[in-house]
Each structure stands twice: as structure tokens, then as C-alpha cells.
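In: following is a predicted model, sequence given first.
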Amino acid sequence: MRAIEGRAFAAGMPVAALMEKVAGLITRRVQALYPLSTHQKVGVLVGPGHNGGDALVVARELHLQGYEVVIYRPFSRLKELTQQHAQYAESLGIALVNEIEALQSCDWLIDGLFGFGLERSLSASIAEAVNQINQWSVPVVSIDLPSGLHTDTGAALGTAIRATQTLCLGLWKLGLLQDNALEYVGTAELIDFGLPLADIEAVLADSPCIHRVTPQSAIANLPLPRSATTHKYKMGHLLAICGSHRYTGGAILTALGARASGVGMLSVAVPESIKPLLSAQLPEALIIGCPENSSGAIAQLPESVELSSYNAIACGPGLTMDASTVVERVIASDRPLVLDADGLNVLAQAGTIPTLTQRQAPTILTPHFGEFKRLFPEIAAGMTNRVIAVREAAQQTGAVVLLKGARVAIANPDGTVWINPASTPALARGGSGDVLTGLIGGLLAQDMLQSAPIEAAVQTGVWWHAEAGMLAAQERTELGVDAFTLTQYLMPALRSHLQ
Ligand SMILES: NC(=O)C1=CN([C@@H]2O[C@H](COP(=O)(O)OP(=O)(O)OC[C@H]3O[C@@H](n4cnc5c(N)ncnc54)[C@H](O)[C@@H]3O)[C@@H](O)[C@H]2O)[C@H](O)CC1
Ligand SMILES: [K+]
């Protein structure tokens, strides 16, 4: 962002004009959020840089419209432009207070302490003020990002404002999309102030892109509409390899996730002894009973199974490590593959990078952080930024890597990263990952027939899964989204977007 705005300034755009333009847009938005009639008294936190400058311009405009504005500006040295706005605000008679307590009686607050220029931890006195504000129940709108958050990693440097809304300026700051930042950001919105595309492209051209998954991008990747003359074999055939005597449910959930994807044919390989349970739940699927070993894990696939007849394979949920022979066989195959759970643990044991660099077909890995650490111990050891870490993992293995967390990040081997910006903690529950594996597998099997890029299935699966979780949580509370229920919400969630 600094480089992009630097190009605009170098080309003649006055800094003050850009600040005025941006702050005007912020003012309009906060007035809509906090109307004068109900939220007359506003406290404005002003930092030393241009984030503080933005805040002062907003303070001035709100004052001129009749709001009762109180400024808290705990820095003696301000950047020049910020200093000028501070002086003008004073000349208008806007109240200035030295004690943070004076803001507690405000109806709402604007946070302009720091934006993307924060480079070190907050000093003790500022941290103290921020902690106090966080204990009040006064709503806070943060300009650009909650003060105290690092703009890239989203980590709180010491402490940070817990915002009600964050109005991010121009382009999404990566930090706002990181798990670290979630408890601080509140509702995030982008204030688009018309950065010239040429400047954005010139600065970002050489760095791999980071995208947000949007409903539009996710829906565009769905295998819809179906061709009027299609038939089941044209809609993909997925082989799910999952479950054990111990973990029957994992197999059922994976298969139900796959079913929801609309895949043309679904085959599910499970240990022979649990076949009747799967058949009862999934009358439409072809359940393959496999020879099992003494622990009740799949020992091997039946000889009749011809891997080359499937468009994709999803492998891992509920297998246990005792099924390592079958996982190794699948990894060695030439089929597009989604690996999860024990599939990942077997891969880690075999050596992630040497094993995957030998694969010819596409691979999708879906680790949570614990599995990620086992797969990529070196990357995980030095990790401060999930997005960079997942990108490295994809680049080193040639696989698409989906790192689970509060916000899923998906990296392609070319360095592109996709982040799904909306989800729900209701999904933090055993089995919800199994549903995701099946769903992605089913989408992948369909995509393979349409020659869609493999990451399309991953993005769409992640988005759809989160949407189902959010819809279920809305109707049933965050406690009501067990993994089976989640599978029941996949269709309603999609329908609500397609209408
Ligand atoms: N293109 C845009 O997005 C625009 C952004 N604007 C706003 O400008 C800020 C970024 O401004 P900048 O002055 O670079 O940084 P900050 O306001 O975040 O403050 C940095 C300021 O503070 C000093 N500093 C850094 N860390 C600390 C610390 N821990 N304690 C004390 N002081 C610290 C540092 O030396 C700087 O002086 C952006 O976020 C937007 O809000 C423009 O107004 C419009 C275009
Ligand atoms: K801020």
C-alpha cells in the first residue's frame, strides 16, 4: 500500500488531497453507522501518523455536522500534515482531552491511533489506554485496521483495539484476514477510494497474488448449470477411502459431504465390517468393502478396484495409521487426490516433500495446524504468518495446500493464495473437516472432467462448507452445528445464494 500510494504521490497527487478524499468516504460511512440523532457524542483517538490525520479530518467533518466531538491525542510529535489538522481542529474549538477516561461517556469512538505504519509494540501508556477502552462497552470504529495490529501478520503488537467495525482503506490489508486478528477486527468493510488500477498492478505485478474467496468467485466454479445431455459418468466419479472399525462416522461424514457436491458417481471404500453401516446411510453410493487388518483398518483395496477408473480420490478421514499401505498406494497412483487426516499423517511419515515431488497428478492437502506441523516441521517452526507459511508449503511440494483455521488459507504451487474471509467458530467441531474433504473430493471429480483448475474445487468447497456452517449456526446457534447437521445445511446454504 505504501508503494502504491507512493506512485500516486510521485505522479503529483497531493497527500493532503488523498487524505481528504479518504476521510470524506469514512465520514459518510460512520454517519450511516452512527447517526447524529442517536450517537451524538463521539470520541476520536488520534495517533502521530496519517492514520491520525484521517481521524482528525473525520473529527472535523463530524464536528461541522453537529456531533459533539472529543479528541484524545496522546502524542506530542505528529507528522506535519497530521499536525496541521490537529491545529485546525483546535481552532474550531473541538474539545481535546488528556485522560482516556474522559471518553468513556461517548456514544461511540473512532480509532485513528495507528494504521499500516505501526512498526513496534505500543508503548506502556498507549497500551494501557487501549486496554481500558477494550473494557468499556462503547462501540469503536477503527480506521484502516485496529490500532496495535501488524498490517501483515495481524498479530497484536502488545495489545490492540477491539473494534466493532474496521473500515479498511483501499485494499485489504493482509493482517485483517489472518486468524490472529479475528478477535480485534469486528465487522470488516473495504472503503474503496479509487486507487488507479495501473498503480496497483505496477506494484503487485511481481508478487504472487492474495485473493479473498467471494460468493461470486466460489459460485462461478460450481459445475452449474449442468449440460442438458449429461449423464452420470460425465459428472465425475469419486473414490472416497475412509473409515475404520474405530472411526465409522468419519467415513459417513466424508461420504455425505461428497454426496452434496452433486458428483455423478460416488464409491466409498471402507473396511468390510462397516460396509452395512455405510450402505444404510448412503443408498446411492457404491460401498466397497475392503479386507481389514486386526485393528479394523483397511488393509488393502480389493483387487477388483481399478484406481484409474476414478476421476479423483479423497483419502484419509478415520483411516487410522494402520491403513498406511492403502494410503501409500493411492499417493503412488496417477489420480488427482485429496489427502486429509490420517492420509496426511502417513504422508508426513513417508516424507512430505520427496514423496509429493514424485507425484504426477494434482494433490490437495487439507491439514489443520497440528497436521501442518507434522507435514512441514521446518516451515512451521519459523512461522509468523500463516499465509506465507502455506504458500511455502505449496511451492515446496507442488500440491495445493489448504490450511484450516478460523480463516482457511489455500495456496497454489504458483504462489497464489486464496483466503476465505467469512466463517464461524461453530465449525470448530469433530467431523466437520471430514465433510469438507468429501465435498472438495466430489467437486474435484467433476472439475477434472471439465478441465477446471484444481484449486477451483478447493476454493468453492471451502466457501460452501463455511456458508453451510454459518447458516446452520444462524438457525441453530453456534452450539447446534454438529458435523452431521452441517451436511444437511450444504444444500440450503447454496440455494440461498443461487436464488
Ligand atoms: N493509501 C492509503 O491507504 C492511505 C492511507 N492513509 C492513512 O495513512 C495511514 C498510514 O499512515 P502512516 O503515517 O504511514 O502510519 P500510521 O498512521 O500508521 O502511524 C505511523 C506513525 O507512528 C509511528 N509509530 C509507529 N509505531 C509506533 C509505536 N509503537 N509507538 C509510537 N509511534 C509509532 C511511526 O513512526 C509513524 O510516525 C494508513 O493506515 C491510513 O489510515 C492516508 O490518509 C490516505 C491514503
Ligand atoms: K486505526
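Out: Yep, that arrived. Ligands and ions are numbered 1, 2, ... in the order given.
In: can you give the contact residues for the helix or strand hosting residue 17?
Out: Residue 17 is located in helix 15-33, with elements delineated by DSSP states H and E. When contacts are defined by CB atoms under 8 Å, 6 or more residues apart in numbering, helix 15-33 is touched by residues 5, 8-9, 50, 53-54, 57-58, 61-62, 65, 81, 110, 141, 143, 165, 167, 169-170, 189, 191, 193. C-betas here are computed from N, CA, C, even on glycine.
In: and these near ligand 1, which?
Out: Within the set of these, contact with ligand 1 (CB under 6 Å from any ligand atom) is found for 5, 50, 53, 54, 143, 169, 170.
In: now, which of those residues sits nearest residue 269?
Out: residue 170 (49.9 Å; CB to CB).
In: number of nearby residues for the closest one?
Out: A count of neighbours around residue 170, defined by other CB atoms under 10 Å, yields 18.
In: hang on, it packs against residue 196?
Out: No - the pair residue 170 and residue 196 fails to qualify as a contact (CB atoms under 8 Å) at a distance of 10.9 Å.
In: one step back: hmm, which of the contacts of helix 15-33 are the buried ones?
Out: Buried positions within the contacts of helix 15-33, assessed by neighbour count (16 or more other CB atoms under 10 Å), are 5, 8, 50, 53-54, 57-58, 61-62, 81, 110, 141, 143, 165, 167, 169-170, 191.
In: in helices only, show me those residues.
Out: 5, 8, 50, 53, 54, 57, 58, 61, 62, 81 (DSSP state H).
In: got the residues of the stretch 151-300 of the chain near ligand 1?
Out: Within the stretch 151-300 of the chain, the positions adjacent to ligand 1 are 169, 170 by CB under 6 Å from any ligand atom.
In: and the helices in the stretch 151-300 of the chain?
Out: In the stretch 151-300 of the chain, the segments counted as helices under DSSP state H, counting those that start in this stretch are 182-185, 197-204, 215-220, 248-260, 275-281.
In: in CSV: the ones you listed, plus mean neighbour count and mean pLDDT.
Out: Formatted as CSV, the entries for the helices of the stretch 151-300 of the chain read as follows, by neighbours: other CB atoms under 10 Å; pLDDT from 0 to 100:
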stretch, mean neighbour count, mean pLDDT
helix 182-185, 19, 96
helix 197-204, 13, 91
helix 215-220, 14, 95
helix 248-260, 28, 98
helix 275-281, 16, 97
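In: in TSV, list those along with distance to ligand 2.
Out: Output for these, formatted as TSV (distance: least, CB to the ion, whole Å):
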stretch	distance to ligand 2
helix 182-185	10
helix 197-204	22
helix 215-220	28
helix 248-260	40
helix 275-281	50
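In: now render these as a markdown table, adding distance to residue 323.
Out: A markdown table is the format used below for these (distance: least, CB to CB, whole Å):
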| stretch | distance to residue 323 |
| --- | --- |
| helix 182-185 | 35 |
| helix 197-204 | 44 |
| helix 215-220 | 32 |
| helix 248-260 | 11 |
| helix 275-281 | 15 |
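In: ok, now which ones touch the residue of the stretch 351-499 of the chain found nearest ligand 2?
Out: Per CB to the ion, residue 421 is where the stretch 351-499 of the chain lies closest to ligand 2, at 19.1 Å. Taking CB under 8 Å, 6+ apart, we find residue 421 in contact with 177, 188, 212, 213, 407.
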